[in-house]
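A.B. asks: Okay, sequence plus prediction incoming.
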Amino acid sequence: MIIVMENHKNHHNEDQHETHHIASYKEHFSTLAALLLLTVVTVVVSVFGANLATLSVATALLIATIKVIVVAYYFMHLKYEKKIYSWLILLVVVLFVAFTVLTAIEYLNR
Amino acid sequence: MEHATGFVLPNSGHNRDAEASKMGMWLFLFTELLLFGGLFIVYMVYRLMNHDAFLLSSFELNVAMGTINTVVLLVSSMTIAMSITAIQKGNSILSIKLLATTLILSLVFMIIKYFEWSAKIHHGFFPGMEYYSNLPKGEALFFFLYFFMTGLHALHIIIGAVLIAVVIYRTKKGQVHSENYTLTENAGLYWHLVDLIWIYLFPLFYLIH
Amino acid sequence: MATATANINFFQAKKGIFSWIFSVDHKRIGLLYLYSLMTFFLVGVTLGLLMRYELLNPGKDLVEAQTYNQIFTLHGVIMIFLFIIPSIPAVFGNFFLPIMLGTDDVSFPRLNLLSWWIYIIGAIMALSTLVFGDGPADTGWTFYAPYSVNTTTNVSMSVLAAFVLGFSSILTGLNFIVTIHRLRTPGMTFLKMPLFAWSLYATSWIQLLATPIIGITLLMIVAERALGVGLFDPSIGGDPILYQHLFWIYSHPAVYIMALPAFGIISELLPTFSQRTIFGYKAIAFSSLAIAFVGYFIWGHHMFTSGMSGTARFIFSILTFLVAIPTAIKVFNWVATLYKGSINVQPPLLYALAFIFQFMIGGFTGLILGALATDIHLHDTYFVVGHFHYVMFGGTGFAFFGALHYWYPKIWGRMYNIKVANIAFTIFFIGFNLLYFPMLIAGLMGMPRRYYDYLPEFHLPNMISTYGSWVLAVGLLLMLGNLIAGFYKGKRGVGRNPWGGITLEWQTMSPPPVQNFDRMPVIPKNGPYDYENKPTINE
C-alpha cells in the first residue's frame, strides 16, 4: 500500500485558478432574514387566506421552492461553486418532477 | 503500510482532494433527495385521491410549533454556514461556538418534535392504535405519512447532529483548520439538506388549509 | 532509482486473509467481489436447476408449490441483487477503471472497502432467510403488496437485505463518478476515455439516483409489516399499485445498471479482437447517457395489466420504444467495428459475438413486450422469463464471462487453456439457447410464469428447456473449471499485452503492480482505440 502523501495534491487545471470564496457573516445574516420573511409570508397566507384553498397551497409550495433555492444558492454556496453542480441538481429535480408527473397522470386518469 | 515502490503516478486516489470530497457529499445528498422524494410522491398521490381528508387532518397539527421548528432550523442553517466562514478565516474557536449553537438548535427542534409526537400518540393517532384504526381512510393515510416522514427526517437530524459533534471534536483537536475544513463544509451541506426537507414538509403537512 | 524488481505485483504485497478483507486496494477489492459474487452465483444457479427439474414434467417432480415459490423468489433475489447488479461494475469496474484512467486507485478507497463489506452483510441477510422462521420469502423478487405485507415468510429480512445491498450499489456509483471526474490522467479528456469508463459513468448515475427510491419503498413494506397497517393498505385508502410504481421506478433503471456495463465490455472486446478502432465512438458514448436518461421514464411497461389507467399505459408504451433507438445505435456500431477488421478468434470474442446475438433476441422480445397490445397477452407468461434471461444472462452474463476471459491474463499473469475455453463456450452457448428459447415458445402458447405445474400441452418446450439447463450447467462448470485450473497450471509469462489491446491496462505488468503502473502510461494520440498509431510497449 502507498504512503498517503499529506501535502501532495493532484494536478487539476482548474485548481490553479480556484479561489475559495469566503462568504461574509453579513451575507449569512441577510440570507436568514430573507428566509424568515418568506416563512412569515407563507404562514400568514395559509392561516389568513384559508378560503383561497388551492391558491394558498400553490403559494405555499411556490414560496417553499424559493426558500429551497435561496438555501442552496447561498448557504450551500452554489452561487460560488462550479456550474456543474447546479446542472446536476437540475437533473435530479427534472427526474423527480418526471416521476411525480407520470405517476400523477396515471392516477388522474383512472 | 508499505512504501510506494518504484514508479509513482501524478494523479493518485490516495491524495487528499477537497473538491472530490465535496463532490462526493453532493452526490450523497442527491441520494437523500430521492429517498425523501419517494415519500413525497406517495404524499402527492394520496393527497390527490383524498383531498378533503388531508385538508381536515392537517388541522390537527399545531401550526405554531411547526413554524417555530421551521425558524429553528433556518437559524441553525445560518449558524453552520457561519461556522464555515469562521474556520475559513482561521477562527477555530468561533467556528466551534457556532457549531455548538447549531447542535443546541437541533436539540430544540427534537424537543419540540417530541412534544408534538407525544401529544398525538397520547390521543391515539399512531398507526396500530385504536383511535387510529377508527379514522376515516384518507386521514389514516395522512397520519401514517406524517409519522413516517417526520420520523425519517428526525433520524436525519440525529445523524446530522452526530456529524456536527464529530466536526467540533476534530476542530478542537486541530485536525480541522483553515487549510483543511472540508469536513466542516460537508457537515454544513448535510445539515442544509435536512433543513431543505423540512422546508417542504412544513407546508405540506401544516399549512394546507 | 526504481528498478523492475521494486515494482512487486499486487498479489505479492502483504499476504494473509486480513490483508485482503481489509485492503483498500481497488484491485483486491475487485477480486473480493469476484470470489463472493461467483459463490452466490453458483447458489443462484443451483436454485435455477432445481426449478427446471421441477418443471421437467407436469405435476410434482420435486417440491410442493409453496417451496417452489420460495425457490424462484430466492433465485431472483440472489441473481439480481447479489450477482447481476454488482457484477461488472464491482468486479471489473473496481479492478480496471482506475487503470484505464491512468490512475492508482478510486477517489475514495476506504469507501470502496466499505461497499464490499456492506455487500457481504446484505448477502448474509438475504441467505439467512433460508434458516429461520417460515423460510425465504415466497412473493417473487418483486415483493408486490399486499401479499408481501401479509405472508408469514421472511419478507422483512429479504427486503432489508435488499435495502442494505442498495447502499453498496450507491456507494460504488458515487465512487466511480468522482473518480472519473477527478482522477483521469493528464491529457485524458472525457472524449479520450475508454468506452468501458463511459458505460460505468452512465451506470453510476443510475445506481446513485434510482436506488434510493427502492430503498424507501422497501422500508414502507417493512413498516407495514411491523405496524400491521400501511401505505399500500386498501383498508386505510392505500393503493397496492402505488407500490408497483415505486418498485419499478427503481427496478426499470436497474436493468440498465445491468446492461450498460455489459455494453461497455463489448465496446472494449470488439476493437481488440478486430484490431481496429470502434465505429462511432461518440455515438456509443452518448448513447449510454441517453439510455440511462430515457430509462427513467418507462417503468410503467411492467404494469400494463396491473389496473393502471389507460392513458398511462399508452404513454409508457410509446416512451418504451424510445429506448430502443440508442440501443440499436450501439449494435449497428459494434457490427460496423467488426467489418473489415483483422479478426482474432479467441474466447473473449466468442462471448462478445454470443452477446450480440442473444442481446438482440432479448431486445426484440422486449419490443414485443413494450407494445401494449401484445403485452396484454404475454405479461406474466414464460415469454417474459425468456426475454429477461436473454438480456440479463445471455447479455450481461455472457459479457461478464467474456470480460473474465479477456482480463484473466492481466489480473493473474497466466493464461487458461484456450481450447478448453472454446469447447466450454460452445457447450455453454448451446445449453443457454436450448434452455431459454423454448420459454419464448411456451409463453406465446400461454404458459404462465411462477407456477410449479403446467398443462400437458406445455410439456415439450419445458422438457427441452430442462435438458438445456443441464447442458448449460456442464458448459458453465467446464468454463469455470478451466479458469480455476489456469490458476495452477496456466502458462505464465503472458507479457503485458497478450491480446494486442490498446487501452492503458495493456501497458502495465501482468499482474499489475500495487500502484497500477511501473511507468507513465502513454495515451494513444487520436482517441482510446487509435490502432493506427499504437504506442510501442516494451516488456
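C.D. replies: Looks like it arrived, so ask away.
A.B. asks: can you give me the helices for the chain?
C.D. replies: Using chain A. In chain A, the segments counted as helices under DSSP state H are A:25-48, A:54-70, A:83-108.
A.B. asks: looking at chain B here, not the other one
C.D. replies: For chain B, helices defined by DSSP H occupy the ranges B:18-49, B:51-58, B:63-88, B:92-122, B:130-133, B:137-172, B:182-206.
A.B. asks: what do you get for the stretch 51-200 of chain C?
C.D. replies: Residue ranges of the helices in the stretch 51-200 of chain C, as given by DSSP state H, counting those that start in this stretch, are C:65-77, C:87-88, C:94-101, C:109-128, C:147-150, C:155-182, C:195-227.
A.B. asks: Give me every residue in chain C lying close to chain A.
C.D. replies: Counting by C-beta under 8 Å from any C-beta of the partner chain, the positions of chain C adjacent to chain A are C:13-14, C:23-25, C:104, C:182-183, C:186, C:209, C:213, C:242, C:245, C:249, C:296-297, C:300, C:308-312, C:315-316, C:514-515. Yep, even glycine has a C-beta here, placed from its N, CA and C like the rest.
A.B. asks: any idea which helix or strand carries C:F425?
C.D. replies: Under the assignment given by DSSP states H and E, the secondary-structure element containing C:F425 is helix C:418-445.
A.B. asks: Same question for C:I278.
C.D. replies: Using DSSP H and E, no helix or strand contains C:I278.
A.B. asks: wait, it sits on C:L270?
C.D. replies: Yes. Using C-beta atoms under 8 Å, C:I278 is in contact with C:L270, at 6.8 Å.
A.B. asks: Touching both of these two, which residues are there?
C.D. replies: Each of C:T337 lies in contact with both C:I278 and C:L270 under the rule C-beta atoms under 8 Å, 6 or more residues apart in numbering or on different chains.
A.B. asks: Those two: who's more crowded?
C.D. replies: C:L270 (28 against 24; other C-beta atoms under 10 Å in any protein chain shown).
A.B. asks: and the gap between that one and chain A?
C.D. replies: Plainly put, C:L270 is 31 Å away from chain A if you go by C-beta to the nearest C-beta, to the nearest Å.
A.B. asks: Can you tell me the closest non-neighbouring residue to B:M129?
C.D. replies: Here the nearest residue to B:M129 in space, its sequence neighbours aside, is B:I121; by C-beta to C-beta, 6 or more residues apart in numbering or on different chains that works out to 7.5 Å.
A.B. asks: Show the pLDDT at that neighbour.
C.D. replies: Reading off the confidence values, B:I121 has pLDDT 95.
A.B. asks: likewise the one 3 residues further on?
C.D. replies: Reading off the confidence values, B:G124 has pLDDT 94.
A.B. asks: likewise C:K340?
C.D. replies: In this model, C:K340 is scored at 89, pLDDT.
A.B. asks: So what does C:D453 have for phi and psi?
C.D. replies: In this entry, C:D453 is assigned phi and psi values of phi -130, psi 160 (degrees, to the nearest 10).
A.B. asks: what helix or strand is C:S342 on?
C.D. replies: With DSSP H and E as criterion, C:S342 is part of no helix or strand.
A.B. asks: Tell me, how many residues neighbour it?
C.D. replies: 10.
A.B. asks: check contacts around the residue nearest to it when sequence neighbours are not counted.
C.D. replies: Setting aside the residues directly before and after it, C:S342 is nearest to C:Q275 in space (C-beta to C-beta, 6+ apart), at 4.2 Å. Contact partners of C:Q275, counting by C-beta under 8 Å, 6+ apart, are C:341-342, C:344, C:500, C:531.
A.B. asks: tilt between the lowest-mean-pLDDT helix or strand in chain A and helix A:83-108?
C.D. replies: Taking all helices and strands of chain A together, the one with the lowest average confidence (mean pLDDT, DSSP states H and E) is helix A:54-70, at a mean of 86. Orientation of helix A:54-70 against helix A:83-108 (axes from the mean of the first three to the mean of the last three C-alpha atoms, to 10 degrees) gives an angle of 160 degrees.
A.B. asks: pull the CA atoms of helix A:54-70 into CSV?
C.D. replies: As requested, the backbone C-alpha atoms of helix A:54-70 are provided in CSV (Å, rounded to 0.1, in the frame of the first residue of the first chain):
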residue,chain,number,x,y,z
THR,A,54,-55.8,25.8,-3.7
LEU,A,55,-54.3,29.2,-4.3
SER,A,56,-52.8,29.3,-0.8
VAL,A,57,-51.4,25.8,-1.2
ALA,A,58,-49.8,26.6,-4.5
THR,A,59,-48.4,29.8,-3.0
ALA,A,60,-47.1,27.8,0.0
LEU,A,61,-45.3,25.4,-2.3
LEU,A,62,-44.0,28.2,-4.5
ILE,A,63,-42.6,30.0,-1.6
ALA,A,64,-41.1,26.8,-0.2
THR,A,65,-39.3,26.3,-3.6
ILE,A,66,-38.0,29.8,-3.4
LYS,A,67,-36.7,29.2,0.1
VAL,A,68,-35.0,26.0,-1.1
ILE,A,69,-33.3,27.8,-3.9
VAL,A,70,-32.1,30.5,-1.5
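A.B. asks: could you say what helices and strands it packs with?
C.D. replies: Here helix A:54-70 touches helix A:25-48, helix B:182-206, going by 3 or more C-beta pairs under 8 Å, 6 or more residues apart in numbering or on different chains; DSSP states H and E.
A.B. asks: follow-up on the earlier one: could I get the helices of chain B as TSV with mean neighbour count?
C.D. replies: Compiled in TSV, these are given as follows (neighbours: other C-beta atoms under 10 Å in any protein chain shown):
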stretch	mean neighbour count
helix B:18-49	21
helix B:51-58	18
helix B:63-88	22
helix B:92-122	17
helix B:130-133	14
helix B:137-172	19
helix B:182-206	23
